[in-house]
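Student: Sequence and computational prediction follow.
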Amino acid sequence: MDFSLPELLRGLSNPVTLFGHFTYALLIISMLMRSMVWLRVLAVVSGSCKVIYRAFFLVDPVSVFWEAIFTIVNIIQLILIWYYQYRHRFDAEEKHFAEQMPRGIDRSSIRRFLALGTVTALDPDMEMTRQGQAVADLTYIAEGIVKVEADGKLLAICGPGDWIGELSFLSGREATATATVVKPTRVIRFNQQRLHTAIARDAALRRTLETALNRNLAGKLTRSNAMGAMPG
Ligand SMILES: Nc1ncnc2c1ncn2[C@@H]1O[C@@H]2COP(=O)(O)O[C@H]2[C@H]1O
């Protein structure tokens, strides 16, 4: 067989060879997709074309078998994405969390993440953390208001979309402030220890949490700067 460049270029005039190139080009294009759905869709089209190419034009049963497995795995992954996206219903607090997440984070990892949490209602005056004491939970506020104080000074007012306990979660140290519920509040609580164990085993879960915390830390910092810049 001649593998020279001129031979390769001559082959481009042959529709069967062109079809072979097309199947690989599709696979590479699929790898360039940022959306998981498009990546899987193009991988399925590429895999199916390759099955046809290898079965009817090159006649290579081993490749046909593995390309078929490749296609089936991608179809299953697509079905799972659609299941989590359209079929699975989140409850109100979980929905609030899911809607805050960027589109790039796939719903199945959000689902796995939320499965580790417990939705809880908190009454006014309840302390979620106390400055200088250990923090058991990382808590996502879905509804309500929480004030954050340190050394008797008000640092921040937190509300829906904010986390409480992320600093101790990230540093492994005691609470930097006292967080107290102001209005009836609904939260999703995650036991910090359990969460550490879970993200150590599951990279997608870790990314989901990091994305959520990073976004909120940036938001808190922006608000804190705005408060500091206020006259008086
Ligand atoms: N300046 C701040 N702005 C918003 N939230 C804060 C601020 N300081 C502390 N917190 C929150 O209060 C929590 C107290 O416990 P942690 O230190 O674990 O995590 C802290 C944050 O969630």
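Tutor: Perfect, thanks for sending it. In this text, all values refer to a predicted model and were calculated from it rather than measured experimentally.

Student: which residues touch the residue nearest the centre of the chain?
Tutor: Centroid check for the chain by CA atoms, centre = their mean gives I105 as the closest residue, at 3.0 Å. I105 is in contact with 207-208, 211, counting by CB atoms under 8 Å, 6 or more residues apart in numbering. The C-beta positions use only the backbone N, C-alpha and C, and glycine is treated the same way.

Student: Then I199?
Tutor: Taking CB under 8 Å, 6+ apart, one finds 205-206, 209 in contact with I199.

Student: got a winner among those for most neighbours?
Tutor: Among these, L209 has the most neighbours (other CB atoms under 10 Å), with 22 neighbours.

Student: now the worst-scoring helix or strand of the chain on mean pLDDT, how far from the chain's geometric center?
Tutor: Among the helical and strand segments of the chain, the one scoring lowest on mean pLDDT, DSSP states H and E is helix 5-11, with a mean of 78. Counting by CA atoms, centre = their mean, to the nearest Å, helix 5-11 is centred 44 Å from the centre of its parent chain.

Student: how about the strands of this structure, start to end?
Tutor: Applying DSSP state E to the chain gives strands spanning 118-122, 127-129, 137-150, 153-158, 163-164, 178-191.

Student: Give me the sheet partners of the fifth one and which way each runs.
Tutor: If you go by DSSP bridges, strand 163-164 pairs up with strand 137-150 (antiparallel).

Student: And the partner strand, what's buried?
Tutor: Counting neighbours by 16 or more other CB atoms under 10 Å, one finds that the buried residues in strand 137-150 are 137-142, 144-148.

Student: pLDDT below threshold where in this structure?
Tutor: 1-3, 85-90, 229-232 (pLDDT under 70).

Student: and it, which residues reach the ligand?
Tutor: Where the chain comes near the ligand, counting by CB under 6 Å from any ligand atom, the residues are 129, 135, 148, 155-156, 158, 163-168, 175-177, 179, 220, 224.

Student: Repeat the analysis, applying 8 Å as the threshold.
Tutor: 128-129, 131, 135, 138, 148, 150, 155-156, 158, 162-169, 171, 173-179, 220-221, 223-224 (CB under 8 Å from any ligand atom).

Student: T211: neighbouring residues, count only.
Tutor: T211: 17 neighbours (other CB under 10 Å).

Student: how close does it get to R40?
Tutor: 21 Å (CB to CB, to the nearest Å).

Student: returning to what we had before: mind checking which of the strands of the chain is nearest I69?
Tutor: If you check each of the strands of the chain against I69 by CB to CB, strand 178-191 wins as the nearest, at 36.9 Å.

Student: That closest one versus strand 153-158: what angle between them?
Tutor: 40 degrees (axes from the mean of the first three to the mean of the last three CA atoms, to 10 degrees).

Student: Spell out which strands sit alongside strand 178-191 in the sheet and which way each one runs.
Tutor: Strand 178-191 has the following strand partners under DSSP bridges: strand 118-122 (antiparallel), strand 127-129 (antiparallel), strand 137-150 (antiparallel).
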